[in-house]
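# how would this look folded up:
(one chain, ligands or ions: 1)
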Amino acid sequence: MTEHHWDELVSAYERWAEPGSRRFAEAALDRADLAERADVLDVAAGTGALAVAAAGRGHAVHAIDSAQGMVTRLAARLSPLPHCHAEVMDARNLRAEDDLFDAAFSVFGVLYLGADTLKAVSEMVRVVRPGGVVSIVHWAGPVGGGPLFVPLARAINRLDAPEAGRLTFPITSDYLDRREVEQLLVEAGCTAVESALVERPCPMPAADAFVTELDAIVRIMPHYTAAITHHRDRFLEILEDEVGRMETPILGRANIVQGRVV
Ligand SMILES: C[S@@+](CC[C@H](N)C(=O)[O-])C[C@H]1O[C@@H](n2cnc3c(N)ncnc32)[C@H](O)[C@@H]1O
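Below you'll find the predicted structure:
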């Protein structure tokens with residue numbers, strides 16, 4: 001995930017991905033049932049789906065992300081709110097004292113760090129006080145990504161081009177399902193780990209917006225890059241058709257996995 005150019009897609013992310021993330025972030029905040037004015041950390045915060053929602057509930061929010069562009073945008077959104085800040089930081093090495101926060105959240109964030117995921121979750125546990133909450137939101141199978149990837153994968157497979165190949169789910173080989181995320185929280189030092197599957201509406205861009213606005217996200221799939229490079233017009237035609245076939249409202253499904261720090 002770190003190799004992708006998050007700085008290039010701040011406004012597209014805020015427009016097309018954050019509204020869905022925001023609904024899952026609100027659900028994670030509901031489940032955490034925090035005391036008033038809690039100290040909340042948002043890890044891999046992006047444009048602030050969780051951070052802005054938590055700040056709106058009156059919590060003191062510290063948001064971190066490794067992409068300067070995301071942090072600049074989020075800092076501007078948080079600046080009118082008291083006790084809320086955003087900072088460039090790597091989730092794998094948090095610059096924060098032990099036991100500092102009442103809760104740490106990561107929404108569609110640390111579980112994309114592959115072999116470093118456990119390290120990032122352990123960092124979240126380290127900076128939360130005993131009895132506090134660690135909460136991870138991640139897409140529920142079988143896609144392993146958001147609804148954006150559904151028409152994209154169908155279009156790649158309908159294109160049936162040798163350069164693009166076929167796309168099978170989950171879209172990343174590092175995908176962790178609900179039980180694996182629960183296990184990860186236990187390994188990182190949490191107790192009372194529980195999870196919930198939630199379904200929320202998510203926006204769906206038109207086919208050309210995948211290329212003009214969301215390219216930096218979807219190019220994580222070499223199949224897409226090959227399809228757009230070798231068969232652009234036909235691929236966009238099929239993609240438009242697949243976007244049109246999606247049942248509305250477009251629903252995303254995510255697991256909210258939460259534990260308590262010992
Ligand atoms: C899919 S976005 C999720 C953003 C936000 N949490 C949301 O749900 O809308 C993933 C974010 O992780 C950030 N990121 C990637 N690697 C990171 C790392 N090592 N440390 C902190 N943030 C990272 C990216 O810059 C990006 O903003």
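# around the ligand, which positions in this structure sit nearby?
Listed as neighbours of the ligand in the chain under the rule Cβ under 6 Å from any ligand atom: 1-2, 6, 17-18, 21, 44-46, 49, 65-67, 70, 90-92, 107-109, 113. (C-beta placed from N, C-alpha, C; glycine too.)
# sort out for me which of those residues are in strands.
Using DSSP state E, the members of the residues of the chain next to the ligand that fall within strands are 65, 107.
# run a quick neighbour tally on R95.
When neighbours are counted by other Cβ atoms under 10 Å, R95 registers 10.
# how about the contacts made by the closest residue in space to it that isn't next to it in sequence?
Take R95 and drop its neighbours on the chain: the residue closest to it by Cβ to Cβ, 6 or more residues apart in numbering is M89, 5.8 Å away. Applying Cβ atoms under 8 Å, 6 or more residues apart in numbering to M89 gives the contacts 64-66, 95.
# return the closest of the residues you listed with respect to P82.
The shortest approach to P82 among the contacts of M89 belongs to I64, at 18.8 Å (Cβ to Cβ).
# tell me what the closest one is bridged to.
V43, E87 (DSSP bridges).
# and it, what does it touch?
Contacts for I64 were tallied using Cβ under 8 Å, 6+ apart; they are 41-45, 71, 86-89, 91, 94.
# can you add pLDDT and distance to R200 and give those residues back as JSON lines?
What follows is these, written out as JSON lines (pLDDT from 0 to 100; distance: Cβ to Cβ, whole Å):
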{"residue": "L41", "pLDDT": "99", "distance to R200": "23"}
{"residue": "D42", "pLDDT": "99", "distance to R200": "18"}
{"residue": "V43", "pLDDT": "99", "distance to R200": "21"}
{"residue": "A44", "pLDDT": "98", "distance to R200": "19"}
{"residue": "A45", "pLDDT": "98", "distance to R200": "19"}
{"residue": "V71", "pLDDT": "98", "distance to R200": "25"}
{"residue": "A86", "pLDDT": "98", "distance to R200": "24"}
{"residue": "E87", "pLDDT": "98", "distance to R200": "28"}
{"residue": "V88", "pLDDT": "98", "distance to R200": "29"}
{"residue": "M89", "pLDDT": "98", "distance to R200": "28"}
{"residue": "A91", "pLDDT": "98", "distance to R200": "24"}
{"residue": "L94", "pLDDT": "98", "distance to R200": "28"}
